[in-house]
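> everything below, folded, please.
(one chain, ligands or ions: 1)
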Amino acid sequence: MSVPAYEDSRAFAEAEDRRDPLARFRAEFNFPRDKDGLGPVYLCGNSLGLQPERGARYVRDELANWADWAVDGHFHSERPWTSYHKHAVAGFCELTGSKPREVIAMNTLTVNLHVLMASFYKPTSERYKIVVESKAFPSDRYAAASQLRLHGHDPEEGLIEWRSANDDGYYDHDDLEAIVREHGDGIALLLLPGVQYYTGQVMDMQRMCELGREAGCAVGLDLAHAVGNVPMQLHDWAPDFAAWCTYKYLNSGPGAIGGAFIHERHLTPDNLDQLHGWWGNAEETRFEMRKRIDPADGAELWQMSNPPILSMAPIMASLELFMEAGLGALTAKAERLTGYLAWLIERRFAGRIGTLTPERERGCQLSLIVRDHSLNGKAIFDRLCELNVTGDWREPDVIRIAPAPLYNSFVDVHEFAERFERALERG
Ligand SMILES: *Cc1c(COP(=O)(O)O)cnc(C)c1O
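Have a look, this model is predicted:
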C-alpha cells in the first residue's frame with residue numbers, strides 16, 4: 001500500500017475537502033454552537049452523533065401526524081405507525097450485511113442484549129459461562145453478570161475475561177482461541193464487541209463467530225461502535241444475535257431506539273424462545289386479540305411493544321443519509337480522514353501523545369493517550385473543551401477522537417491538531 005501523501009497545512013485540508021465526494025452531507029447536520037468566538041470541532045460521533053436536520057423534520061412530521069390523525073395515524077398517515085419500524089430494515093441490512101428478516105429496530109441496546117440473551121443464553125449446570133473482553137463496556141458486563149445471577153450462577157466464577165495482550169488494551173484473537181480451548185464445554189455464550197469502545201480496535205468478528213461455533217456456544221455481538229463505522233457481513237459470519245444503538249455513528253439522537261439481529265437459522269416457525277408481547281404477533285392478526293400468539297415472521301417476533309415513533313423517526317432520516325452517501329464511499333473517506341488524524345498526531349506530537357488504536361484494525365476512532373508523564377491528560381482534555389473541541393474523555397487517561405466521514409471534514413481534523421497543540425502548550 002502506498003503511503004498516503006498528507007500535508008500539515010490548512011490549505012491542504014481545504015483542498016482535500018474540495019475533492020471529497022461526500023462533502024455535501026456536512027450541510028445536512030446541525031453543529032453545536034461557537035464558544036468564545038471559536039467554531040466547533042466536533043469529533044465525538046462515536047458517543048453522540050450530530051443532529052441531521054432531516055431527522056428533526058421527521059420528528060416534526062410525526063408530531064403533526066399525531067395532531068392531525070390521532071389514533072388513525074396507526075393506519076392512515078403517510079408512514080403508518082403500525083409498520084413504521086419496517087422503514088429501518090433496508091438501512092440496517094446494508095449497514096450490517098443482513099437479510100431483511102434478520103433485523104429489527106426496537107428497544108435500546110442494553111435492553112436488547114437482555115431480550116436476546118433470554119433467547120440465546122440457555123445455561124445448563126455444565127455449560128453456563130459467558131466470555132466478555134476485560135475492558136468490556138460496563139453495561140455489557142453488568143448485563144452478562146446479571147444473566148448469570150438470574151440463572152443461579154456466581155458471576156465471579158461464571159464471567160470469563162478475555163484479557164488484552166498488552167497495556168494498550170490490544171485484544172489478540174489467539175488469546176480468545178486459547179480461552180475457548182481451555183473452557184470449551186463450559187462456555188454458553190461469547191458476548192463480544194464488533195469494535196472495542198475504549199481502544200477503537202476493530203475486532204475480527206468472523207473469527208469470533210467461528211470460535212464460538214467450534215466451542216458449540218452461542219455468539220452475541222455488541223455493535224454499538226461498529227454500526228455506521230465499519231462494513232459487516234453478519235448473515236455470512238453468522239453470530240446467533242447482535243445488537244446496536246443508533247445514537248453514536250447513526251446520528252439518531254440521545255437514547256434513540258436500537259437495532260437487533262437474529263440469524264436466519266433461528267427464524268423457524270417452531271422457535272418460540274422469546275419474551276413475547278403483542279407487537280411480536282403477525283401484523284395481519286395482531287388486532288384480533290387472540291389468546292395465543294400468532295408469531296410474526298422473522299426478527300419481528302422479538303418485538304414486544306408498539307414502538308416509540310418519535311424516537312424512531314430520526315433513525316429513518318439517518319439511514320436515508322447513509323444510503324445516499326453509500327457505505328463504500330464512507331469507509332473510503334473514513335480511512336483517509338482518520339489516516340490524516342493519525343498522521344498529524346504522529347508528526348506533531350510523537351513521543352508525547354500515543355495512540356492505542358491499532359493501525360490496521362481501526363475504523364473512525366483514535367484513542368489517544370498521554371505518554372509524556374509530565375503532562376496531565378485530564379487538564380489537556382479540559383483545555384480542549386475550552387477551545388470548543390468535542391472529543392471524549394475515558395478514565396483513566398484516554399481521549400477518544402472520532403472523525404465521522406458523513407459530516408466531518410479534513411479541515412476539522414487539521415483544526416483539531418492546531419487546537420490540540422495549543423492545549424498541550426498550556427496543559
Ligand atoms: C454505548 C454503549 C452502550 C450503551 O447502552 P445503552 O443501553 O444504549 O444505554 C452499551 N454497550 C456498549 C459497548 C456501548 O458502546
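> now the phi/psi pair for the most centrally placed residue in the chain, please.
The residue lying closest to the centre of the chain (Cα atoms, centre = their mean) is A224, at 2.3 Å. Dihedral pair for A224: phi -50, psi -40, per degrees, to the nearest 10.
> same deal with R394?
phi -120, psi 120.
> tally of neighbours for the residue nearest to A88 when sequence neighbours are not counted?
Closest residue in space to A88, ignoring its immediate chain neighbours: A105 at 3.9 Å, by Cβ to Cβ, 6 or more residues apart in numbering. In short, each C-beta sits where N, CA and C put it, glycine included. A105: 27 surrounding residues under other Cβ atoms under 10 Å.
> for D17, same thing?
16.
> that one and D412 touch, don't they?
No. Using Cβ atoms under 8 Å, D17 is not in contact with D412; the gap is 9.1 Å.
> from the ligand, how far off is the residue nearest to the centre of the chain?
According to Cβ to the nearest ligand atom, to the nearest Å, A224 and the ligand sit 3 Å apart.
> cool, and I104?
Relative to the ligand, I104 is positioned 16 Å away (Cβ to the nearest ligand atom).
> per-residue pLDDT, V3?
As predicted, V3 sits at a pLDDT of 50.
> just the one 3 residues further on next, same as before
The model reports Y6 with a pLDDT of 97.
> count of neighbours near the spatially closest residue to it that is not a sequence neighbour?
Among residues not flanking Y6 along the chain, W343 sits closest, at 4.8 Å (Cβ to Cβ, 6+ apart). Number of residues near W343 (other Cβ under 10 Å) recorded here: 18.
> same thing with F349?
Counted by other Cβ under 10 Å, the residues lying close to F349 total 19.
> ok, it - contacts?
For F349, the contact set (Cβ atoms under 8 Å, 6 or more residues apart in numbering) comprises 420-421, 424.
> let's see 10 Å
Residues near F349 by Cβ atoms under 10 Å, 6 or more residues apart in numbering: 355, 368, 370-372, 417, 420-421, 424.
> mind giving me the PyMOL command for buried ones among those residues?
Buried residues within these, by 16 or more other Cβ atoms under 10 Å, are selected in PyMOL with:
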select buried, resi 355+368+370+417+420+424
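> for E324, which non-adjacent residue is spatially closest?
Of all residues not flanking E324 in the chain, F25 sits nearest, at 7.8 Å (Cβ to Cβ, 6+ apart).
> just checking, the one you found touches S318?
No. Using Cβ atoms under 10 Å, F25 is not in contact with S318; the gap is 11.3 Å.
> between these two, which one's more packed in?
S318 (29 against 22).
> so the more buried one, which of the three states?
helix (DSSP: H, G, I helix; E, B strand; the rest coil).
> quick one, what contacts it?
Counting by Cβ under 10 Å, 6+ apart, S318 makes contact with 28, 49, 51-52, 54-55, 58, 88, 91, 228, 246-247, 249-253, 256, 406.
> flag every residue of the chain that's near the ligand.
The chain comes close to the ligand at residues 108-110, 137, 139-140, 193, 197, 222, 224-225, 245, as judged by Cβ under 6 Å from any ligand atom.
> who wins on neighbours among those residues?
H225 (30 neighbours).
> residues contacting that one?
Taking Cβ under 10 Å, 6+ apart, we find H225 in contact with 46-47, 137, 193-198, 200-203, 244-245, 248-249, 363-365, 400, 402.
> what's the distance between the closest residue to C245 other than its chain neighbours and G55?
Distances taken as Cβ to Cβ, 6+ apart put L109 closest to C245, at 4.2 Å, once the chain neighbours are dropped. From L109 across to G55, the span is 19 Å (Cβ to Cβ, to the nearest Å).
> with G363 instead?
According to Cβ to Cβ, G363 and G55 sit 22 Å apart.
> same question for S83.
From S83 to G55 the distance is 20 Å (Cβ to Cβ).
> among these two, which residue is more densely surrounded?
Between S83 and G55, counted using other Cβ under 10 Å, the more crowded position is G55 (26 against 11).
> what lies in contact with the helix or strand where that one lies?
G55 is part of helix 53-69, with elements assigned from DSSP states H and E. Contact with helix 53-69 is made by 27-30, 49, 51-52, 72-73, 75-81, 84, 87, 251-253, 256, 309-318, 320-321, as judged by Cβ under 10 Å, 6+ apart.
> check contacts around the residue nearest to C245.
For L109, the contacting residues are 137, 139-140, 143, 222-224, 243-248, 257-260, by Cβ under 10 Å, 6+ apart.
> and E300, by the same measure?
Contacts of E300 (Cβ under 10 Å, 6+ apart): 85-86, 89, 101, 103-104, 106, 262, 267, 279-283.
> phi, psi of it?
When read as degrees, to the nearest 10, the backbone of E300 gives phi -60, psi -20.
> kindly report the same for the one 5 residues further on.
In terms of degrees, to the nearest 10, the main-chain angles of S305 are phi -110, psi 160.
> can you give me the pLDDT of it?
Here the pLDDT value assigned to S305 is 97.
> and it, how far from A188?
With distances taken as Cβ to Cβ, S305 is found 28 Å from A188.
> same question, R394
For R394, the distance to A188 - Cβ to Cβ - is 30 Å.
> which secondary structure element contains L221?
strand 218-222.
> chain center to that strand: distance?
A distance of 14 Å separates the centroid of the chain from that of strand 218-222, by Cα atoms, centre = their mean, to the nearest Å.
> which secondary structure elements does that strand sit against?
Helices and strands touching strand 218-222, by 3 or more Cβ pairs under 10 Å, 6 or more residues apart in numbering; DSSP states H and E, are helix 109-120, strand 129-133, helix 138-150, strand 187-193, helix 205-215, helix 234-237, strand 241-244.
> wait, isn't G339 in contact with E359?
Yes. The criterion here is Cβ under 10 Å, and G339 meets it with E359 at 9.0 Å.
> those two - which one has more neighbours?
Comparing G339 with E359 by other Cβ under 10 Å, the one with more neighbours is G339, at 17 against 10.
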